[in-house]
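**Student:** Everything below, folded, please.
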Amino acid sequence: MNIATLIDSFKALDLATYPRKELSALFKQVGNIGYVIVTFHKGKSVMRARPNYGGERFEKKSDYSFKPQEYNTTYQRASTPNNTMFYATTVPDILESGDLENMRVIGVAETVSMLRDKTKSGYQKISFGRWYVQEDIHLLAIVQKQDYAKESSYTKELADAYNQFIQSTEKEISERSLAFTTFLADEFSRKEINGDYNYMISALFTELVTLSGLDGVLYPSVRVDGKGFNIAITPEATKKLSLYVAGECSIYKLKDHTIVGNDAIVELSGKEETFVLNPLPNDEMACLAKLGVKSIDELK
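**Tutor:** So this is what the prediction gives:
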């Protein structure tokens, strides 16, 4: 089956019926495709964000890690119900003018859904864990998204590297690779999600990537329009990470204006399993004043 027909077959499936077997059969027909592999070396940092609900406070390393498999029941952008993954945000090691440099911004955008609606106001507590790579982590990079090439110098760098590969390989493989990776990029950048089934293609692809021996995937964050990046790695690969900072913040949102306040933090040695967050000076009133309100109730 030629690649255009194969891609059309993927698109023709009604994902709302959860056609896992059909998708798996189509993936088996993809054949030889060229991908970009990225390696995160020791010292690279990534950040995991997790919303707090009902007065939760996270003071265990596991609270900042992957969702336990028993609670992993749906498809997500890079995980299936069968295989939970550790999600985190990251930014390039070398930043150029205009690049997004704050991993926390990406984490907030990815995990706090009210930020996606400029008509909504609200308050949300959120926790962050900064992890550092201790041993090389190997990731398949999703790069062929032309709309994102101008949003980050790193996206452009990855796209340029991929294009060099395309130009250096035989025509049949290069055309097949470019078509399929472009299709994958579109799946990883879906914005409109009607149900977890909309993630099936990207999730099942990631599962295949990890079964091939890689630690996971790297892809642009759709929630910041490709200006930052997400990673999804296997639970086994988290053994290559150490948690060095944990913190708790407050998100104050008044329609299209958002302020992030700092509530607590702790610096770690990378070996602790449990710890106590240290409260920071209360900045709630200062954050609310920046929004022009006097209480959290005005944000409800």
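
**Student:** Now do the buried residues in stretch 109-127.
**Tutor:** Buried residues in stretch 109-127, defined by neighbour count with 16 or more other Cβ atoms under 10 Å: 109-112, 114-115, 121-127. Bear in mind the C-beta positions are built from the backbone N, C-alpha and C, glycine included.

**Student:** can you check stretch 181-191 too?
**Tutor:** Neighbour-count burial for stretch 181-191, counted by 16+ other Cβ under 10 Å, picks out 181, 183-189.

**Student:** For Met85, which non-adjacent residue is spatially closest?
**Tutor:** Ser79 (3.9 Å; Cβ to Cβ, 6 or more residues apart in numbering).

**Student:** which residues touch the one you found?
**Tutor:** 72, 85, 87, 203, 206-207, 232 (Cβ atoms under 8 Å, 6 or more residues apart in numbering).

**Student:** Okay, and the beta partners of it?
**Tutor:** Gln76 (DSSP bridges).

**Student:** Now do it against Phe66, distance only.
**Tutor:** 9 Å (Cβ to Cβ, to the nearest Å).

**Student:** picking that back up, and the buried residues of stretch 109-127, which two are the farthest apart?
**Tutor:** Pairwise distances across those peak at 21.6 Å for Ser121 and Ser127 (criterion: Cβ to Cβ).

**Student:** Let me know the average pLDDT across the lengthiest strand in the chain.
**Tutor:** In the chain, assigned by DSSP state E, the strand with the most residues is strand 241-254. Averaged over strand 241-254, pLDDT sits at 96.

**Student:** Who are the packing partners of that strand?
**Tutor:** Under the contact criterion of 3 or more Cβ pairs under 8 Å, 6 or more residues apart in numbering; DSSP states H and E, strand 241-254 touches strand 122-133, strand 257-267, helix 284-291.

**Student:** So which residues make contact with the helix or strand just after the second one?
**Tutor:** Using DSSP states H and E, the next helix or strand after strand 257-267 towards the C-terminus is strand 278-279. Contact with strand 278-279 is made by 263-266, as judged by Cβ under 8 Å, 6+ apart.

**Student:** For the protein, which segments count as strands?
**Tutor:** 36-40, 45-52, 86-90, 122-133, 137-141, 216-220, 229-233, 241-254, 257-267, 278-279.

**Student:** Just the pLDDT for the one residue sitting closest to the centre of the chain.
**Tutor:** In the chain, the residue lying closest to the centroid (Cα atoms, centre = their mean) is Asn230, at 3.0 Å. Looking at Asn230, its pLDDT reads 93.

**Student:** And for the closest residue to Val209 other than its chain neighbours, the neighbour number?
**Tutor:** With sequence-adjacent residues excluded and distances taken as Cβ to Cβ, 6+ apart, Val209 is closest to Leu140, at 4.9 Å. Per other Cβ atoms under 10 Å, the neighbour tally for Leu140 reads 23.

**Student:** ok, the closest residue to Pro220 other than its chain neighbours - how many residues close by?
**Tutor:** Closest residue to Pro220 apart from its sequence neighbours, by Cβ to Cβ, 6+ apart: Gly226 at 4.0 Å. Burial measure for Gly226: 21 neighbouring residues, criterion other Cβ under 10 Å.

**Student:** returning to that earlier point: show me what counts as buried in the longest strand of the chain.
**Tutor:** Per 16+ other Cβ under 10 Å, strand 241-254 contains these buried residues: 241-254.

**Student:** Verify the stated contact: the residue nearest to the centre of the chain with Ser221.
**Tutor:** Yes. Using Cβ atoms under 8 Å, Asn230 makes contact with Ser221 at a distance of 5.1 Å.

**Student:** Quick check: neighbours shared by the two?
**Tutor:** Common contacts of Asn230 and Ser221 (Cβ under 8 Å, 6+ apart): 89, 106, 110.
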